[in-house]
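Peer 1: sequence and predicted structure below; questions after.
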Amino acid sequence: MSIDTETTEPRYRVVVNDEEQHSLWPLRTDPPAGWVPTGFVGTREECSAHIDRVWPDIRPLSLRRRLAGDAA
Amino acid sequence: MTVTDDQIPPTTESQGAPPVAPPPASVPFAPLSAAQLGVWVTERTLPAESAYHLSVLLRFDGPLDVAALAAACAATVARHPVLATAVGEVDGAPALVPAEAAPMRRAPADDATIETLIRAELARPFDLSAGPLARFTLFALGADRHTLLVTAHHMVFDGTSKEIVVAGLARAYRAARDDTDAASAAPDARGAAKAFEAAGAAPGLPPADGTGVWARHREEPGRAVLPGLLPTTRAGSEPAPGISTPFTLGPETVAALDEAALRLGVTHFELLLAGWHALLFRYGNARVRTALELSTRTPDDLRRVGLFVNELPVSSKPRADREFGAFTRELRAELRAIYAFRDVPYSHTVRGLGPRTALTDLTVSYRRRTRAIEPVFPGVEVRVEWIVLPPTARNTAHLQLVEGRDRIDGALHVPEDAFAPGVAARIPGHFRTLLTTALADPDMPIGDLPLLPEAELVRVLHADNATDTPYPARDTVVDLFAARACATPDAVAVVCDGRFLTYRQVASAAYVFARRLRAAGIGAGDLVAIELGRTGEQVAAVLGVLAAGAAYLPLDPGYPAERLAFIRADARIAALVTDRGERPVDVAAEVLVPAKPDLYGPDLFGSEPAPVEPPARPEPGDPAYVIYTSGSTGRPKGVEVPHHALANLLASMRDRLGATSADRWLGLTSLSFDISTVELLLPLVTGARVVLVPDDRHRDGPAQLAILERYAITHVQATPSGWRVLLAAGLHRPGLTAISGGEALPGPLAGELRRAVGQLINVYGPTETTVWSTYIEVPADAPPGIGRPLANTRAYVLDARLHPVPEGLPGELFLGGDGVAHGYPGRPGLTAERFVADPYGPPGARLYRTGDLVRHAPGGGLEYVGRTDAQVKLRGHRIEPGEIENLLAAHPGIAQAAVRLLGRDSEHARLVGYLLPEPGQPPVPSDVLRAHLARTLPSAMVPQSFLVLDAFPLTPNGKLDRARLPEPIDFTDPTDPAGTPGAPADELTETVRAIWAEVLQLHDLGVDEDLFDLGGHSLTITRIAARIRKRLGVEVPLDVFFDTPTVTGVTDAIRELQEQQR
């Protein structure tokens, strides 16, 4: 059952919280409460590049909503 | 291999000047075994004290027949005559010879004194040359309570011997009570002649390892890492006053061992050893090496008292993701490979092992009691304590385990002065906690096994982190400043260049400017760059940008143009505030407000103080500023900080400092360095005053001192580099509150500063968690830590898998709470990597991973250790440059020091020390510095070369710029001797060379060849020493052979000794 991970790079999943803040979490364990996997899994580099694409504005969701409302 | 010189008759060889008279030829003797010889050599070369005293305690309850017990002791010695021996000399080599047995000694004691008396009796030296090597002491606590202490020297004793002696005592006691002649029974069934050989194995040289199984042990694992272990000069395998922590693993652990052993096909011992290695790995030992005491008893020896153990090292290289069960099986295979050599003394296979009380600095002994039946002494209850450790520890840490039927007794023995008080005593708790999970779930990776018992877990995760402090998060800097401006409009807010600006003036200028920004369409969510010098206008611009609802981006006009251009282009600014009068060419698309806030413009307050509203009131979650940080690698990155984080910082600093409107702050730091928010904004939200230091005076100590005096400054915040500037100018202000941060505060500087000011605060924090996260008022004469978290801040010391690290060990600092920044705008991937999901805080919370190594300080709070990326490896040693730097700076001739590891690859890697001498002190020679460091550091951590600089290169924020420390142009190792020419052989050298050749049985032998390369070991050394004594009449101390293991070296020593004799 054990996969020899000696030579393979550690893998992560991309997780988000309620504020749509993104982070990386090791694949081997469940993320802490309040964090949900997005489904994307990869090496650190792959996850980082993925997040660069899908989360262009790093501000919390509530702030982005407020600023969008202000502008409207 | 056969050794012939042992057969030379003693009469011909022992004529010299022996320290002990040779026994008559008729007296039985036993040459020392290799193990005994190792012990004996160590006793003669090191202050072993009681390190080799082995003991067992019998506590009797009931009417003990003391006379019968005394008879039993005598009978036991008679049965095992090796207990009544001494070390004599036969045939020029040490040997066990008969000595007079000591009768059981009786001593009075009471409950208050018994433990002290036992310790004293344990410590009482054995006279090896007079013997006997065992003694029995009975302490009478009352008519019905007695304690018998059996103490024997390791020369003739081991763990199994304890079992044999205790069983023998019980048997002889019963016989004495029954008055049968068994009490005075003759030596054991093998007969008197053979009995004496019980001393140990046959003499001579067992075959050396030809298979290279030890090759993998050659790589030294470096210093052991254990919680609370202090830096020391002592080698890890030398004796020192010890302290032991006993512990017990109960029936549930033994049951779990049974189950796991069955499931994995391994033994209890293998599981326990794997647990210990896994724990050592988790402590931070990348390679684990523990020496084991392996039994060398043959079936014939099972009932014999003596030294039947051989210490051999077992190494492992655990990995965090390896399952515990799989690791145990790997360790089992390693053990099986070593068992093949259990009779081969390690010193015969590895060259140059110096005298030592333990083979390695970490050792383990395990014994499963074969007859786990307690001895029966009729008429009395007896409780046996099998683990009784002497007052002298043999090495850095010795784990002793004795497994009984349904429990395992253990003890950890460590040098008392090697650890921070009380910390080593927690190690058994970690071992027990780790084993509990590892045995129940062997599929769990080693890196995830819990280590910390509940109490310690609560301490490290929660004790210092209970920082919840209500603060009005809705009150942003904008609100707080507006309130102060209304309350005391005519109080002085800012002093700059001799101008005194009131709150009214600053607020008016700020709000006028804010309206201009609003009119230009700038508001919440926008970023305004402020590229102004340190002036009142700059302060008004900051407040104005915030009062417009926008966030500010500081650009220090003194920074390199290239860096400013990069940041302007990177930051997506909505406006740029500059007094240069022209738009920089690279700011093409942005709205430009080239305004100089007019402090003498319209006074919004009018003649009467009335509420004047800032044009916008930012929300707590709105960005307040973006500040660019260098980062250790690559291009600068912006950090976006929201208002509530800034408000929390200011409220917390206000409360901790007890800041009031009477305070006068020095505005010293560049706006580009986030610590400036404290010195500019904290005074302005508390009604106090900030006195700005003009830009051209930032490195001018005397000018700053003049400002301190002229404006009666009460609070100054600076980096340690900044404090050095002030101290060098003669700072002495007993009323001053000094705040130091931004760099590690070295102990000597803290002490100097502490004496020059009234109060010294050390603060720590990365930009990513809003300026400061931890705080401590530095006590007098104590090394400065970084203290405890500020309000609404949580600090965790975690390992690479985000598990909490035990107290006393370094781990990476993770920070959570209200100070956590939004992240790096425009760098989502980097933000996601550095700001991680918080496993210990509220749901959805984030932690910033600082890259800083800290540890829990013994008295609470945190100590800064260094950077995770600064830690370097040099020849297997993990080296923290900061540790070396602190020691260098502690030298009275050195003001400041830095250390870098240079060299592309490990072979050419070297440490270079950079020095700033103390002004007015003569330069300190390199060898003096090296000696200074060598007192507390292992040699691998002593820099090979030093470079004296006039000044250290600094970053724009006034921190040391390590990357710009120059590389020495020509590097030669000054420790490399210039080569010793082969000296012509004289008569004395020739005699010594001949003795070596005889003993080593080599014809061809160079005078500079290393004894250990030639296959020498402790037996060879004693033989060489005996022949030197006989032929030359000189007693060469054995440590000479370890210090200078060549014919030349030993000859030189002989020459010196001969001269002393004249």
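Peer 2: Right, received. Where do you want to start?

Peer 1: what pLDDT does B:L133 get?
Peer 2: At B:L133, the model reports a pLDDT of 96.

Peer 1: burial measure for whichever residue of chain A sits closest to chain B, as a count.
Peer 2: Nearest residue of chain A to chain B, counting by C-beta to the nearest C-beta: A:G34, 2.9 Å away. C-beta: built from backbone N, CA, C; applies to glycine. Residues near A:G34, counting by other C-beta atoms under 10 Å in any protein chain shown, number 18.

Peer 1: is it true that it lies in a helix?
Peer 2: No - when DSSP: H, G, I helix; E, B strand; the rest coil is applied, A:G34 is found to be coil, with no helix at that position.

Peer 1: low-confidence ranges in the stretch 251-400 of chain B?
Peer 2: B:347-353, B:371-372 (pLDDT under 70).

Peer 1: how about residue 44, what does it touch?
Peer 2: I'll assume chain A. Contact analysis of A:R44 by C-beta atoms under 8 Å, 6 or more residues apart in numbering or on different chains lists A:9-10, A:12, A:24, B:833.

Peer 1: should've been chain B
Peer 2: B:1037-1038.

Peer 1: for the residue of chain A closest to chain B, phi and psi?
Peer 2: A:G34 adopts backbone torsions of phi 90, psi 0, taken as degrees, to the nearest 10.

Peer 1: show the pLDDT at it.
Peer 2: 97.

Peer 1: quick revisit: in ChimeraX, how would I select just the buried ones from the contacts of A:R44?
Peer 2: For the buried members of the contacts of A:R44, the matching ChimeraX selection, counting by 16 or more other C-beta atoms under 10 Å in any protein chain shown, is:
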select /A:12,24 /B:833
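
Peer 1: narrow the contacts of A:R44 to those in strands?
Peer 2: With strands taken from DSSP state E, the overlap with the contacts of A:R44 comprises A:12, A:24.

Peer 1: wait, doesn't B:H891 sit right on B:A931?
Peer 2: No - taking contacts as C-beta atoms under 8 Å, B:H891 lies outside contact range of B:A931: 10.4 Å.

Peer 1: between those two, which one's more packed in?
Peer 2: B:H891 (19 against 11).

Peer 1: now do the same contact list for the more buried one.
Peer 2: By C-beta under 8 Å, 6+ apart, the contact list for B:H891 reads B:924, B:929, B:932.

Peer 1: ok, so of these, who is nearest B:G808?
Peer 2: Checking the contacts of B:H891 against B:G808 with C-beta to C-beta, the nearest one is B:H932 at 25.8 Å.

Peer 1: how about the closest one, nearest residue that isn't a chain neighbour?
Peer 2: Spatially, and ignoring its direct neighbours in sequence, B:H932 is nearest to B:H891 (5.4 Å; C-beta to C-beta, 6 or more residues apart in numbering or on different chains).

Peer 1: Three-state assignment for the one you found, please.
Peer 2: B:H891 ends up coil, using three-state DSSP.

Peer 1: separation between it and B:R962?
Peer 2: Applying C-beta to C-beta, to the nearest Å, the value for B:H891 to B:R962 is 20 Å.

Peer 1: burial count for the closest residue to B:L57 other than its chain neighbours?
Peer 2: Nearest non-adjacent residue to B:L57, counting by C-beta to C-beta, 6+ apart: B:E385, 4.1 Å away. By the measure other C-beta under 10 Å, the count of residues near B:E385 is 16.
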